[in-house]
Each structure stands twice: as structure tokens, then as C-alpha cells.
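> okay, here's the prediction I keep looking at, along with the sequence it came from:
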Amino acid sequence: MRFFFRSRQFKIIVAVFVAVLLLSGSTFLFGMKITPQGNLAATIAAPFQTAATKVKTAFSGVIHAYKDGNDLMVENAELEAEIARLHQQQVDYETAIRENEFYKDYLEIKDAHPDFTFTAANLISRDENDPFGGFLINRGSLDDVALHDPVITDEGLVGYISEVSLKTAKVTTVLSADLTFGALDNRTVDAGIISGTLELSNNGLCKFYNLSRSSDVAIGDYVVTSGEGVLPAGLMVGTIESVSNDRYNTSIYANVKPFANLGELRNVMVITAFSGQGDLLGANNE
């Protein structure tokens with residue numbers, strides 16, 4: 001409202017209003033003193049008095065309209081702020097529900113592996129130059145995340161930490177040829193090795209190889225980590241989708257579909273500590 005009082009339009013209205021008041025007032029005073037010409041003075045002053053009344057009325061209307069409009073703007077701003085606050089409360093509530101569900105899904109894993117220490121993380125970007133679907137998370141060394149830490153979801157193994165900075169880390173997925181670890185068929189306990197290939201990664205698969213030709217692995221079997229390599233034993237990896245003979249030796253191999261949906265990841269858990277972790281890392285570096 002203060003801007004209106006400083007405007008050129010406001011100054012013009014005030015000037016006209018004052019001029020009309022002065023003219024009508026002076027005419028009225030002179031008319032009172034000069035009796036013969038009183039009627040004439042009153043006649044002359046009448047239009048100006050009428051104009052002054054109209055100007056005053058219009059001026060008051062403008063002031064009230066501007067004030068009402070300003071009050072309405074303030075009221076609207078307060079309502080919008082309240083709506084924004086309520087919307088944020090709803091977002092916070094829904095986020096809390098998702099987080100509770102997220103952590104609840106890991107209770108069974110924690111119960112099965114009480115030695116595991118978890119750090120929750122969010123995916124912040126995908127590595128467009130990584131054909132195996134590697135990505136960056138919002139946790140790093142300041143959050144106790146270290147090289148080779150396993151990364152999982154409640155569904156199963158995602159991969160491991162391959163690069164670490166203070167507040168971020170790179171995750172190499174189970175589809176990658178850079179990640180190799182021991183695995184078992186959960187039904188037959190046949191042992192082999194899992195790693196990725198570029199060809200298989202295009203179909204969202206990894207390779208379970210070095211299986212004995214006498215092994216009884218079959219389509220539909222679950223594959224879990226054996227504890228050989230940098231990963232702890234017992235992590236769910238995926239389902240066997242096909243079994244074939246290895247053309248280069250007497251072993252067989254299987255193609256495995258990871259349980260974790262790597263293409264739709266948003267949240268993951270990093271296992272920052274587990275029983276025997278140091279021993280596995282030491283053996284891997286020898």
C-alpha cells in the first residue's frame with residue numbers, strides 16, 4: 001500500500017481534491033460576507049462542492065479498495081503458506097512410512113545375520129559409461145563405507161563398493177565382469193563361481209560357472225554366496241534360468257537372474273561390517 005501513496009496518480013488526486021476544497025471553501029466564505037451576491041456565490045460554489053464531495057467519495061473508495069485488495073493478498077499468501085506446510089507434512093509422513101517399510105524389510109536379514117552392520121544409502125546417479133549398470137550412492141568413508149563392502153536390497157545382492165570418497169561411493173553390480181565371488185546352489189549345495197559378461201549383462205544375467213559336470217543344479221534353483229571371495233556367506237543372489245555345458249572344459253555353467261531389480265533401484269543397504277570380513281579381504285589380497 002505504501003507504493004500507492006508514493007505514486008504520481010495519488011499525488012494528482014490529492015492536488016485536485018485540495019484545490020476543489022479551497023475553491024469551494026473560499027467561495028462559501030465570501031458568499032457569507034456579501035449579502036447581495038450571496039445567491040450568486042452559492043450558485044457558483046455549488047458545482048465545486050458537489051465535485052469535492054464526489055472526489056472525496058471516489059478517493060475514499062480507492063483507498064478502501066486498495067486496502068481491501070492488499071488485505072486479500074496477505075490473506076491469500078497466508079493460505080498458500082499453510083497449504084505448502086500441510087503438503088510438506090504429507091510428504092514427510094509418506095517418506096516416514098516408506099522408510100519404516102524399507103527398514104522393516106531388513107529385519108529378517110538382520111535376524112539371520114546378527115553380525116551384519118548396515119548403512120542405508122540412496123542412489124544418486126547412474127554411471128552412463130558402465131555397461132554393467134554401476135551407480136553412485138550418497139554414502140562414503142565418513143559413513144564407514146569402505147572398498148569391497150557388499151551392497152544389497154531386501155531382495156538380494158546388488159554388488160559391492162568399488163570406489164569410495166568421503167560422502168559418496170561407486171557400486172559395481174553383480175552383472176559386472178569386475179566382480180567375482182564364490183556361490184552355491186541353495187538346493188544341491190553345488191559350488192561354483194559367479195561373475196558377469198558383457199553379453200549376459202545386456203539381458204540382466206550373470207554367469208554361475210566352474211560347476212562339476214556331476215552337479216545336479218537345475219532351472220529354478222536359488223543361488224547364494226558361499227563366503228569365498230569378498231562377500232559373506234548366505235546372501236541371496238538369484239535364480240538359475242538355464243544350464244549348459246562349458247565347451248572349453250568338462251564343467252557346466254548356469255545363467256542366473258539376480259533377485260534384486262537393478263534397473264529400478266532407489267534405496268540400498270551397505271553391509272559395512274560382518275563376521276570374518278577382515279579374513280576374506282586378506283585372503284582376496286594374497
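The structure has been received and is ready for your questions. All of these numbers come straight from a predicted model, not from anything done at the bench.

> and residue 245, how many neighbours does it have?
Residues lying near residue 245 (other Cβ atoms under 10 Å) number 11. The way it works is simple: take the backbone N, C-alpha and C, and place the C-beta from them, glycine included.

> that one against residue 212, yeah?
No: look at residue 245 against residue 212 with Cβ atoms under 8 Å: they stay out of range, at 11.9 Å.

> what's the overlap in contacts for the two?
Listed as contacting both residue 245 and residue 212 by Cβ atoms under 8 Å, 6 or more residues apart in numbering are residue 252.

> pLDDT below threshold where in the stretch 51-200 of the chain?
Where the stretch 51-200 of the chain drops to pLDDT under 70, the residues are 51-69, 90-105.

> let's see 90
By pLDDT under 90, the low-scoring segments of the stretch 51-200 of the chain are 51-116, 154.

> which residues in it form strands?
Using DSSP state E, counting those that start in this stretch, the strands of the stretch 51-200 of the chain run over 117-126, 135-137, 150-152, 157-164, 169-173, 181-185, 191-195.

> in a markdown table: the ones you listed, plus distance to residue 203 and mean neighbour count.
What follows is these, written out as a markdown table (distance: least, Cβ to Cβ, whole Å; neighbours: other Cβ atoms under 10 Å):
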| stretch | distance to residue 203 | mean neighbour count |
| --- | --- | --- |
| strand 117-126 | 18 | 15 |
| strand 135-137 | 19 | 22 |
| strand 150-152 | 21 | 24 |
| strand 157-164 | 17 | 23 |
| strand 169-173 | 14 | 24 |
| strand 181-185 | 19 | 23 |
| strand 191-195 | 15 | 20 |
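
> please identify the buried residues of stretch 142-150?
143, 145-146, 148-150 (16 or more other Cβ atoms under 10 Å).

> what do you get for stretch 106-116?
Across stretch 106-116, burial judged by 16+ other Cβ under 10 Å covers 106, 109, 113, 116.

> and which of those residues is nearest residue 72?
The shortest gap between residue 72 and any of the buried residues of stretch 106-116 belongs to residue 106, at 51.7 Å (Cβ to Cβ).

> would you mind measuring from that closest one to residue 147?
From residue 106 across to residue 147, the span is 22 Å (Cβ to Cβ, to the nearest Å).

> returning to what we had before: how about the strands of the stretch 51-200 of the chain in CSV, adding distance to residue 274?
Shown next, in CSV, are the strands of the stretch 51-200 of the chain (distance: least, Cβ to Cβ, whole Å):
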stretch, distance to residue 274
strand 117-126, 7
strand 135-137, 18
strand 150-152, 8
strand 157-164, 12
strand 169-173, 17
strand 181-185, 14
strand 191-195, 18
